[in-house]
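**Q** Dropping a prediction and its sequence here:
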Amino acid sequence: MALENLTGARIALGVCGGIAAYKVAGLARELTRAGADVRVVMTPSATNFVGPITFSTLTGNPVRTELFPPTAPSEIPHTDLGRTSDLVVIAPATAKTIAKCAQGLSDDLMSALLLSAACPIVMAPAMHTEMWQNEATQNHVATLTSRGIRMVGPAVGPLAGPDSGIGRMAEVEEILQAAGEELSLRAQLTGRPVVVTAAGTREHIDAMRFIGNASSGRMGYDLAFEAVRRGAEVTLVTGPSHLVAPDAATVVPVTTAAEMREAVRKAVASASVLLMAAAVSDWRPLHASPGKLKKSSGPPRLELESTPDILAEVGELRRSGGLPDLRVLVGYCAETENLREAAAEKLKRKSLDLAVANLVGAGDSGAGLPTLRALTLDRRGHLDDLGVVSKKQLARRVLDRVAELLEAGD
C-alpha cells in the first residue's frame, strides 16, 4: 500500500448520512495512524449514525458540521479546507452528495467543500442497489469521473437491513490505497517547472479580421490543471480562450504564433517539461492592414507565409544542448486519418519524447468537443491506443507517461 504518501498530508474527510458511516471511524483512525492530519466534515444526517465526538477523539481535531458555525461566525470552513487540503475523501458518498457535486450545488458544508476543493477528490459511494443503478446516479458518477474525481467501489455485499447487492461501501484498506495513490500523483511533479501551451493563435488580416482555427483550448487547460494537481509549477502560454486557468498557474496570454514563440522560448529555458498542445496557425498573411479593410473594396488578395515551427525549434535547441533542464518534450498532432503514422513522423521529425495524436472531424472527436479519439507514442516505441476518452482523461494519461519518462531519465 502507498501509505507512506499519507504522512504529513492534510486530508479533509467527509462523512455522509448512511449506515456505512460507522466504518469511516476506522478509516479516520487508519489515516491518522499513517501520519495524516485529518479534518472531518459531517453532514447533519451523518450525525444520526455516528457522533462527532467519535471522529474528534480519533483525529485529535474538531469536527465541522455547519456551513456557518454559530460559535465562530467569521470562520469560512469550506474555503479554508478547500484551499489547505492535499486531498478530500468522501465516505460514504451518498447519492445525494454525488448529485450535488455533479451539479455544482453548495447548500451545505459538504457540498460547498467539494465545490471549493483545489485538490484531488476520492469518493467511496454507498447506497442501495436501485439507487446506484439509477440512470441519474450513473450519469452523475460519469460526470464526476470525467472531472478527475476518483470513485472507489461500490462493492457487492450486505447492505442496510436484509438487502444485499452492489452498493456496499469499499473496505477501509481499499480507500486507504486510493488515497495514497492520489497523493503519490501529487508528488510526481512537485517542484517541476512545466510549460503548457493551449488554444489557437490568430494571424491578423486587418484590425478586425484574422486567420484562426476551431481550437477551444480545452486540451491544454486540462493538461495545466492536471499538472498543477500533481504539484508542478505550471506556466500556461495560451492563445485567446474563454476558459478559466488554474489559480496556481502562471498565465501568459498571447495572440499570434510569433508571440507564442517568444513566450515559449522564454518559459522553456528553465522548464523540465514542455507540453505543446496549442493549435498554432501554420500560415499568416504576409502583409496585414493596420486598419479595417472596407467591404466595398472587395475581397482582399491574401499572400501567406509560414509561421515559425515552435516545437521543432525547441527540439533542435535541446538537441544542440541549449536546454539542459528540459527533460520531456511532448507534441500534439490533430489528424483526419492515420494517427499512428502521424505520431511516429512527428516524434522523429521534432525530436519528441512523446507524441499525442488525436482524430479531428469525427462526431465524437475534435475541436470543441469534450472527447477525443487519441493515441500516444513515446521515444521507446511504446504505443498506447486510448480509443475515445474525455480530454480530462487524456490529460491524466499524458501526465502519467510524462512522469514515467521523467523517472526513467533520473
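**A** All right, it came through fine.
**Q** OK, contacts around residue 93?
**A** Residue 93 is in contact with 14, 16, 123, 124, 125, 126, counting by Cβ atoms under 8 Å, 6 or more residues apart in numbering. (Glycine included, C-beta is placed from N, CA and C.)
**Q** List the beta-bridge partners for the residue nearest to it when sequence neighbours are not counted.
**A** Excluding the flanking residues, the one nearest residue 93 by Cβ to Cβ, 6 or more residues apart in numbering is residue 123, at 4.0 Å. On the basis of DSSP bridges, residue 123 is bridged to residue 90, residue 151.
**Q** does residue 372 really touch residue 393, like I thought?
**A** No: when contacts are counted by Cβ atoms under 8 Å, residue 372 is not listed as touching residue 393 (9.2 Å).
**Q** And this protein, split by domain according to the record?
**A** 3-187, 189-409 (automatic domain parsing).
**Q** excluding its backbone neighbours, what's nearest residue 243?
**A** Residue 243 sits nearest to residue 221 (Cβ to Cβ, 6+ apart), 4.7 Å away.
**Q** Regarding the one you found, which helix or strand does it belong to?
**A** Using DSSP states H and E, residue 221 falls within helix 218-229.
**Q** Quick one: residues contacting the closest residue to residue 199 other than its chain neighbours.
**A** Spatially, and ignoring its direct neighbours in sequence, residue 199 is nearest to residue 217 (3.2 Å; Cβ to Cβ, 6+ apart). Contact analysis of residue 217 by Cβ under 8 Å, 6+ apart lists 198, 199, 200, 238, 239, 241, 243, 278.
**Q** Would you show me how to pick out the buried ones of these in PyMOL?
**A** The buried residues among the contacts of residue 217 can be selected in PyMOL (16 or more other Cβ atoms under 10 Å) with this line:
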select buried, resi 198+199+200+238+239+241+278
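**Q** List just the nearest of the contacts of residue 217 to residue 400.
**A** Closest approach between these and residue 400, by Cβ to Cβ: residue 198, at 19.4 Å.
**Q** pretty sure the closest one contacts residue 234?
**A** No: the pair residue 198 / residue 234 is not scored as a contact, 11.0 Å apart, by Cβ under 8 Å.
**Q** overlap in contacts of these two?
**A** Shared between the contact lists of residue 198 and residue 234 (criterion: Cβ under 8 Å, 6+ apart) are residues residue 224.
**Q** Show me which positions of stretch 178-195 end up buried.
**A** For stretch 178-195, by 16+ other Cβ under 10 Å, it's 178-180, 182-183, 185-186, 188-189, 192-195.
**Q** for stretch 134-146, same thing?
**A** 137, 140, 141, 144, 145, 146.
**Q** thinking again about what came up before, any figure for the gap between the residue nearest to residue 199 and residue 254?
**A** Taking Cβ to Cβ, to the nearest Å as the measure, residue 217 falls 12 Å from residue 254.
**Q** just to revisit the earlier point, dump the domains of the chain to a markdown table, plus mean pLDDT.
**A** Converted to a markdown table, the domains of the chain look like this (pLDDT from 0 to 100):
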| stretch | mean pLDDT |
| --- | --- |
| domain 3-187 | 87 |
| domain 189-409 | 87 |
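**Q** list the contacts for residue 13?
**A** Counting by Cβ under 8 Å, 6+ apart, residue 13 touches 24, 27-28, 31, 38-41, 55, 59, 88-89, 91.
**Q** Mind telling me what element it is part of?
**A** strand 10-15.
**Q** can you give me the helices in the chain?
**A** If DSSP state H is used as the criterion, the helices of the chain fall at 21-33, 52-59, 77-84, 95-103, 109-116, 129-133, 135-146, 172-188, 218-229, 257-268, 310-319, 339-349, 391-409.
**Q** Run a quick check on residue 154 versus residue 128, I expect a contact.
**A** No: under the criterion of Cβ under 8 Å, residue 154 makes no contact with residue 128, lying 10.3 Å away.
**Q** what is in contact with these two at once?
**A** Shared contacts of residue 154 and residue 128, defined by Cβ under 8 Å, 6+ apart, comprise residue 167.
**Q** Could you tell me how many residues sit around the nearest residue to residue 386 once chain neighbours are set aside?
**A** Excluding its sequence neighbours, the residue lying closest to residue 386 (Cβ to Cβ, 6+ apart) is residue 374, at 5.0 Å. Residues within reach of residue 374, counting by other Cβ atoms under 10 Å, total 26.
**Q** I'd say residue 374 and residue 358 touch.
**A** Yes: the criterion here is Cβ under 8 Å, and residue 374 meets it with residue 358 at 4.2 Å.
**Q** Good, wrapping up.
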